[in-house]
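*Asks:* this one's structure only:
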Ligand SMILES: NC(=O)C1=CN([C@@H]2O[C@H](COP(=O)(O)OP(=O)(O)OC[C@H]3O[C@@H](n4cnc5c(N)ncnc54)[C@H](O)[C@@H]3O)[C@@H](O)[C@H]2O)C=CC1
Ligand SMILES: O=C(CO)COP(=O)(O)O
């Protein structure tokens, strides 16, 4: 069967017929194999680069096997991290103990790492996105497609923006998102998990086999141990991914105080309500169903509040009396607990629209992290008005 026949489906049919178990083995690219670059090499950046490089090696008709990974260069015992990754095939600082595929190439030069790429996978702590994007500006062809694996928002005087929309606006390229219940160390060890990829087919879509669509994205990210569901709701999965980090800090506080599972569940209940409310208020295009039907919703909230870095930082703060930045530095060896910045960004935004009182848990987390409000006050702070308007 000719490749054109195999791919003779519209993008709408492709996306609506996407099944969780669907095989992508018959996909080919008609133009040239898509070249993929991963921007970022932290705990999740390296893990996703491993996933992607495994898939590109297995699908050489669809993808160029070699995957570049941009690395923020640093010295480890006098040696460049890129050199260590390219010779030992291990990211000894951010993902120690995990062997990386040898078709994954670390590159410290952002522009050269992205040169010729058809698909850019952004995966860095979100506080560094502005600088990365400003370096890339003017160097990315508008045919390039992108996926953001970041969890956070871009907040400025104009409002709160999804990071995928920020990438689209700044670089003039279509950008979707990947988000799910995905603690990186577990995915890196190839323990089974699920994730959600969301992508809107752009208006300048070039046609089946010539452009990135839902099946290409599934082929890029799906592994036997990493099951991908591809949907349209970029806003829903991005909101859930960003805000669960704030809720997880709150869970860390009550756990660190020794209050146990019931208290943690209460924080998650209120947190979920505030996440959904935030989505409905500021991103009405997001779907409430996404939060409970997709890995990127409640499942991500649960896993992050059980074993993520944000909950660890919150717990450490409660146990030691250290502030959030000290706790992050002591525990994470250069990794980032994104809830610390996200709770500030969200608070600034809510304050600017006079809506802080509608989100008592987000406010409580912010007050504890930035204004030294005692964490023991959380029950009273969120009891006043919960996300459903109950007193
Ligand atoms: N680690 C995880 O389990 C998961 C993380 N995420 C999200 O993925 C995104 C990336 O997280 P991770 O890869 O875990 O990062 P990380 O938390 O491991 O951060 C370390 C990375 O930041 C880089 N970095 C440090 N200073 C920098 C600078 N000035 N400019 C650019 N980069 C710099 C380091 O080189 C390193 O690659 C975050 O938004 C996170 O919330 C999403 C799912 C799972
Ligand atoms: O996003 C994550 C899991 O899906 C990781 O959460 P942490 O950043 O709290 O480790």
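*Replies:* Good, I have the coordinates. Remember, it's a predicted structure, so these values are computed and weren't measured experimentally. Ligands and ions are numbered 1, 2, ... in the order given.
*Asks:* Which helix or strand lies directly C-terminal to the helix or strand where residue 120 lies?
*Replies:* Assigned by DSSP states H and E, residue 120 belongs to strand 119-122. For strand 119-122, the succeeding helix or strand toward the C-terminus, using DSSP H and E, is helix 129-136.
*Asks:* on contacts alone, who are the packing partners of that following helix?
*Replies:* Using 3 or more Cβ pairs under 8 Å, 6 or more residues apart in numbering; DSSP states H and E as the contact criterion, the elements in contact with helix 129-136 are helix 110-114, helix 163-171. For every residue, glycine as well, the C-beta is placed using N, CA and C.
*Asks:* Distance from that helix to the middle of the chain?
*Replies:* 17 Å (Cα atoms, centre = their mean, to the nearest Å).
*Asks:* Which other helices and strands does whichever helix or strand comes after that helix contact?
*Replies:* Reading on from helix 129-136 to the C-terminus, the next helix or strand found by DSSP H and E is strand 145-148. Taking 3+ Cβ pairs under 8 Å, 6+ apart as the contact definition, the neighbouring helices and strands of strand 145-148 are strand 119-122, helix 163-171, strand 174-179.
*Asks:* just the ones you listed: most buried one?
*Replies:* Of all those, strand 174-179 has the most neighbours on average by mean count of other Cβ atoms under 10 Å, namely a mean of 27.
*Asks:* re earlier: I'd like the helices and strands packed on strand 145-148 as CSV, with mean pLDDT and distance to residue 140 appended.
*Replies:* Formatted as CSV, these follow (pLDDT from 0 to 100; distance: least, Cβ to Cβ, whole Å):
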stretch, mean pLDDT, distance to residue 140
strand 119-122, 98, 7
helix 163-171, 98, 5
strand 174-179, 98, 11
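*Asks:* Take those and write them to TSV, including distance to ligand 2.
*Replies:* As requested, the helices and strands packed on strand 145-148 are exported to TSV (distance: least, Cβ to the nearest ligand atom, whole Å):
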stretch	distance to ligand 2
strand 119-122	15
helix 163-171	14
strand 174-179	7
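*Asks:* Just put the ones you listed in a markdown table and tack on distance to residue 317.
*Replies:* Output for these, formatted as a markdown table (distance: least, Cβ to Cβ, whole Å):
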| stretch | distance to residue 317 |
| --- | --- |
| strand 119-122 | 29 |
| helix 163-171 | 26 |
| strand 174-179 | 25 |
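*Asks:* Assign residue 190 to one of the three secondary structure states.
*Replies:* When states are read from DSSP: H, G, I helix; E, B strand; the rest coil, the local structure at residue 190 comes out as coil.
*Asks:* Which residue lies closest in space to it, excluding its sequence neighbours?
*Replies:* If the residues on either side of it in the chain are set aside, residue 190 comes closest to residue 225, at 4.2 Å by Cβ to Cβ, 6 or more residues apart in numbering.
*Asks:* tally of neighbours for the one you found?
*Replies:* The number of residues packed around residue 225, counting by other Cβ atoms under 10 Å, is 15.
*Asks:* you'd agree it is up against residue 192?
*Replies:* Yes. Under the contact definition of Cβ atoms under 8 Å, residue 225 touches residue 192, with a separation of 5.1 Å.
*Asks:* Direction included, what does the strand holding residue 120 pair up with?
*Replies:* Counting by DSSP bridges, the strands paired with strand 119-122 are strand 36-39 (parallel), strand 145-148 (parallel).
*Asks:* out of these, deepest packed?
*Replies:* Compared across the strands paired with strand 119-122, strand 36-39 shows the largest average neighbour count, a mean of 28 (mean count of other Cβ under 10 Å).
*Asks:* For residue 203, see how far away the residue nearest to residue 172 when sequence neighbours are not counted is.
*Replies:* Spatially, and ignoring its direct neighbours in sequence, residue 172 is nearest to residue 142 (5.1 Å; Cβ to Cβ, 6+ apart). Separation of residue 142 from residue 203 (Cβ to Cβ, to the nearest Å): 11 Å.
*Asks:* State the distance from the residue in the chain positioned nearest to ligand 1 to ligand 2.
*Replies:* The nearest approach of the chain to ligand 1 comes at residue 42, 2.4 Å away (Cβ to the nearest ligand atom). Per Cβ to the nearest ligand atom, to the nearest Å, residue 42 is found 10 Å from ligand 2.
*Asks:* now residue 52
*Replies:* Distance, residue 52 to ligand 2, by Cβ to the nearest ligand atom: 17 Å.
*Asks:* got a pLDDT number for residue 32?
*Replies:* Turning to residue 32, the model gives it a pLDDT of 86.
*Asks:* List the contacts of it.
*Replies:* With contacts taken as Cβ atoms under 8 Å, 6 or more residues apart in numbering, residue 32 has the following neighbours: residue 64.
*Asks:* what about it, distance to ligand 2?
*Replies:* Here residue 32 is placed at a distance of 33 Å from ligand 2 (Cβ to the nearest ligand atom).
*Asks:* Residue 290 now?
*Replies:* Relative to ligand 2, residue 290 is positioned 15 Å away (Cβ to the nearest ligand atom).
*Asks:* Does that residue lie in a helix or a strand, and which?
*Replies:* Once you assign secondary structure using DSSP H and E, residue 290 falls within helix 288-293.
*Asks:* can you tell which of the helices and strands packed on helix 129-136 is closest to residue 182?
*Replies:* Put simply, out of the helices and strands packed on helix 129-136 the one that sits nearest residue 182 is helix 163-171, at 16.3 Å, with distance taken as Cβ to Cβ.
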